[in-house]
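Quick one: sequence plus predicted model below, questions after.
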2 protein chains.
Amino acid sequence: MNPSASRQGSRYSVTELGAIEAWKGYTAEVASLPGIKVPGKFFLHPVLGLTGMEISVNCLPAGVKVPFYHTHRMHEELYLFIKGNGQFQVDGDIIEIREGTTLRVAPAGERTWRNNSQEDLYYIVIQAPVGGLAAAGTEDGVTVQRKVVWPA
Amino acid sequence: MNPSASRQGSRYSVTELGAIEAWKGYTAEVASLPGIKVPGKFFLHPVLGLTGMEISVNCLPAGVKVPFYHTHRMHEELYLFIKGNGQFQVDGDIIEIREGTTLRVAPAGERTWRNNSQEDLYYIVIQAPVGGLAAAGTEDGVTVQRKVVWPA
């Protein structure tokens, strides 16, 4: 069963994904396959009410490959691999992936990936409009001039 | 030493972060503290050439708290906790954090967090302009009508 919203305030929302191994049991609906639930993928946008980015957590089981290439219309994508091994393709280039591999793909890059290992592959995919970043690093942040208080 | 770009194509870039425990040794420069390198934080935007989002990987050691509250001007933030335990505050509400906790914070939310546990806390922070998402889920994606080919 997919995670649901666990807590919400006027300026925040929280969802518990559980241990990383739980990602394998989650499912996603995808626009091109109405009625089909894709296993090992869960989008956070609906449960968290995200408005600036979409994020999915993913598990591709040992030996499984994504059966298509895809591109994007507007969105830059970032893949962050958390656990396991595999291979990624962009425009025919092959990139080895492992724990800690991070991969940016521009909208027009033709991408696919596979888990050609013996263990499950866990990763996060984030998308946001290319060129939309207002400021990088900490430049968009504002420090609040008030002492931090925690309950004893 | 911080990771550097490991590979680049015309429509992609790759950086290897290594094992999650390595995040503790990385450093970040922050706009409000010129000349200071903040330990346990690394921004991916510069090495990957991200244009739509900023992402950092982070380690807050056992017993350490962030010494200030902060807000954002334009950016929505998403915190994804990978390993460890702690507490998060938004506008005075206290939220317990653990492996798998995901937390969206709107720009004006006054936030801080602490690791009040005995083990290091590892997490990812993503920021992108609030309201900027062009389409959610897979709706921005386009399937390429070409058979996937992998070398034997």
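It's in.

can you give me the helices for chain A?
A:45-48 (DSSP state H).

which parts of stretch A:20-34 are buried?
A:20, A:22, A:23, A:26, A:28, A:30 (16 or more other Cβ atoms under 10 Å in any protein chain shown). Placement of C-beta: from N, CA and C, glycine included.

gap between the second one and chain B?
Read it as residue A:22. 7 Å (Cβ to the nearest Cβ, to the nearest Å).

Wait, residue A:81 touches residue A:113, no?
No - using Cβ atoms under 8 Å, residue A:81 is not in contact with residue A:113, being 9.5 Å away.

what touches both of those two?
residue A:97 (Cβ atoms under 8 Å, 6 or more residues apart in numbering or on different chains).

list the contacts for the closest residue to residue A:29 other than its chain neighbours?
Leaving aside its chain neighbours, residue A:29 sits nearest to residue A:37 (6.3 Å; criterion: Cβ to Cβ, 6 or more residues apart in numbering or on different chains). By Cβ under 8 Å, 6+ apart, residue A:37 lies in contact with A:27, A:28, A:29.

Now intersect those residues with the strands, please.
A:27, A:28, A:29 (DSSP state E).

per-residue pLDDT, residue A:33?
For residue A:33, the pLDDT comes out at 78.

Can you spell out which residues form a bridge with the residue nearest the centre of chain A?
Centroid-nearest residue in chain A: residue A:125, 2.4 Å away (criterion: Cα atoms, centre = their mean). Following DSSP bridges, residue A:125 is listed with bridge partners residue A:56, residue A:79.

pretty sure it is touching residue A:58, no?
Yes - the pair residue A:125 / residue A:58 is scored as a contact, 6.2 Å apart, by Cβ under 8 Å.

what about stretch A:145-152, start to end distance?
21 Å (Cα to Cα, to the nearest Å).

So among the ones in strands among the contacts of residue A:37, where is pLDDT lowest?
At the low end of pLDDT for those is residue A:29, which has 88.

what residues are up against that one?
So residue A:29 contacts A:36, A:37, A:38, B:137 (Cβ under 8 Å, 6+ apart).

Out of those, which is nearest to residue A:46?
residue B:137 (8.0 Å; Cβ to Cβ).

Model confidence for the closest one, exactly?
89.

ok, it - how many residues close by?
Using other Cβ atoms under 10 Å in any protein chain shown, residue B:137 has 17 neighbouring residues.

Spit out the contact partners of the residue nearest to it when sequence neighbours are not counted.
In this structure, residue B:137 finds its nearest non-sequential neighbour in residue A:43, 5.2 Å apart by Cβ to Cβ, 6+ apart. The neighbourhood of residue A:43, defined by Cβ under 8 Å, 6+ apart, consists of A:28, A:54, A:55, A:56, B:136, B:137.

Show the model's pLDDT score for residue A:43.
Residue A:43 is given a pLDDT of 96.

The one 5 residues further on too?
Turning to residue A:48, the model gives it a pLDDT of 97.

can I assume it is in contact with residue A:5?
Yes - under the criterion of Cβ under 8 Å, residue A:48 makes contact with residue A:5 at 7.2 Å.

higher neighbour count, these two?
residue A:48 (21 against 14).

Could you give the number of residues near the closest residue to that one other than its chain neighbours?
Using Cβ to Cβ, 6+ apart and skipping the chain neighbours, the partner closest in space to residue A:48 is residue B:104 (4.2 Å). Using other Cβ under 10 Å as the criterion, residue B:104 is surrounded by 28 other residues.

For residue B:104, name its beta-bridge partners.
Under the criterion used (DSSP bridges), residue B:104 bridges to residue A:13, residue B:78.
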